[in-house]
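S.K.: coordinates for the following, if possible.
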Amino acid sequence: MSAFSEAALEKKLSELSNSQQSVQTLSLWLIHHRKHSKTIVTVWYNELKKAKVSRKLTFLYLANDVIQNSKRKGPEFTDDFAPIIVDAFKHVSSECEGDCKKQLGRVLTIWQERAVYENELLDKLAQVLHGDKKPKKRPYEEIQLDHGDFPCQSSPEEPPQTSELIRALQELENAASGDASVRQRISSLPPEVLDTALLNRITDRESGERLSRLVEEACLLLADYSGRLAAEIDDRRQLTRTLALFLQSQRDSLAEKEQKLEEYKHKLARVSQVRKELRSRLSNLPDLSLLPSVTGGRLNLPSSGDQYASD
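M.R.: Numbers count the residues shown, from 1 in each chain. A predicted model of the protein is given here:
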């Protein structure tokens, strides 16, 4: 784990990408250096304001990960982010495009449901996103539904596009569960970092400090991989919900097309019946071209005189 400095933090923030692994890796590094939380938050906010519009939302994803995952170790980040988080939301909300506000709303919803901050601060964040109109709080049953494997069929969500499904499936190809190198590193951890009974082997301070470093590295490795696996589980749950929505939309579309097919089959049968009746009627009618006609009081016979006998 590299030493902390403002320059190192600025470099890491400049390299931060929107991938879950990038966000979680930097989050672990920041939590490890939580004694510098005030400096970290200050640098984070300055770099947020300088970041490209397309990267600003990623900075808030990082803050969300740090705030939530550092709470069990101490309130440093939760407390230090509090004075500037409203301004950060305002800044990102005013400059972001597309579905950015929707994503900010998802972060805020999570903070509300998990009581990350006091209601007064959460209300200020809600006002930034929704103005004076307070968003309707979701009932408990609806929150529980979010964790289910399948959405309600009456869900108002738009069915996903095929391209979205392809992209989600491709992203899972590089998921944590398929990272053989990390699994190999975990399986190769020395037994003394996994079994407290082996601590009796420590006979001097030097060996104790060496084991302490190994344990710290193992904790970071396992915490990082556990976080990636948890993120993968969330991604797979989301993909399951997306696939369910897509499947339902395909079923609805299929039913609609089958109904249209039946309608057109019925119309084809009616048109075919008309054609049959028309042909039958035409076959029973005389050929007018073969009948004599009267013009100006004279009887006009067909041009082929051999077809009629003369008087």
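S.K.: for the stretch 51-200 of the chain, give me the ranges with low pLDDT.
M.R.: Judged by pLDDT under 70, the stretch 51-200 of the chain has its weakly predicted residues at 97-98, 132-160, 164.
S.K.: going along the chain, name the helices of it.
M.R.: 53-70, 76-95, 100-113, 119-130, 140-146, 162-172, 180-187 (DSSP state H, counting those that start in this stretch).
S.K.: out of those, which is closest to residue 239?
M.R.: Closest approach to residue 239 among the helices of the stretch 51-200 of the chain (Cβ to Cβ): helix 162-172, 5.1 Å. Quick note: C-beta positions are derived from backbone N, CA and C, even for glycine.
S.K.: from the chain's centre, how far out does the closest one sit?
M.R.: 10 Å (Cα atoms, centre = their mean, to the nearest Å).
S.K.: show me which positions of it end up buried.
M.R.: Within helix 162-172, the residues that qualify as buried are residue 168, counting by 16 or more other Cβ atoms under 10 Å.
S.K.: before we move on, what about stretch 212-228?
M.R.: Per 16+ other Cβ under 10 Å, stretch 212-228 contains these buried residues: 218, 220, 222, 224, 225, 227, 228.
S.K.: now swap in stretch 44-56 and tell me
M.R.: 44, 45, 47, 48, 51, 55, 56.
S.K.: could you do stretch 18-35 as well?
M.R.: 20-34.
S.K.: alpha carbons of that stretch, as PDB, please.
M.R.: C-alpha atoms of stretch 18-35 as PDB (Å, rounded to 0.1, in the frame of the first residue of the first chain):
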ATOM      1  CA  ASN A  18     -15.900   4.600 -14.100                       C
ATOM      2  CA  SER A  19     -15.300   0.900 -13.600                       C
ATOM      3  CA  GLN A  20     -16.300  -0.600 -10.300                       C
ATOM      4  CA  GLN A  21     -12.800  -2.000  -9.800                       C
ATOM      5  CA  SER A  22     -11.200   1.400 -10.200                       C
ATOM      6  CA  VAL A  23     -13.700   3.000  -7.800                       C
ATOM      7  CA  GLN A  24     -13.400   0.300  -5.200                       C
ATOM      8  CA  THR A  25      -9.600   0.100  -5.400                       C
ATOM      9  CA  LEU A  26      -9.200   3.800  -4.800                       C
ATOM     10  CA  SER A  27     -11.800   3.700  -2.100                       C
ATOM     11  CA  LEU A  28      -9.800   1.000  -0.200                       C
ATOM     12  CA  TRP A  29      -6.700   3.100  -0.500                       C
ATOM     13  CA  LEU A  30      -8.500   6.200   0.900                       C
ATOM     14  CA  ILE A  31     -10.000   4.300   3.800                       C
ATOM     15  CA  HIS A  32      -6.600   2.900   4.600                       C
ATOM     16  CA  HIS A  33      -5.300   6.500   4.900                       C
ATOM     17  CA  ARG A  34      -8.400   7.700   6.800                       C
ATOM     18  CA  LYS A  35      -6.200   9.600   9.200                       C
END
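S.K.: where's the closest residue in space to residue 74 that isn't next to it in sequence relative to residue 8, distance?
M.R.: Of all residues not flanking residue 74 in the chain, residue 34 sits nearest, at 6.4 Å (Cβ to Cβ, 6 or more residues apart in numbering). Using Cβ to Cβ, to the nearest Å, residue 34 is found at 15 Å from residue 8.
S.K.: enumerate every residue touching the nearest residue to residue 68 once chain neighbours are set aside.
M.R.: Closest residue to residue 68 apart from its sequence neighbours, by Cβ to Cβ, 6+ apart: residue 116 at 6.7 Å. With contacts defined as Cβ atoms under 8 Å, 6 or more residues apart in numbering, residue 116 is in contact with 67, 68, 71, 78, 110, 122.
S.K.: could you redo the last one with a cut-off of 10 Å?
M.R.: Contacts for residue 116 (Cβ atoms under 10 Å, 6 or more residues apart in numbering) come out as 64, 67, 68, 71, 78, 81, 82, 85, 107, 108, 110, 122.
S.K.: most neighbours, which of those?
M.R.: residue 85 (24 neighbours; other Cβ atoms under 10 Å).
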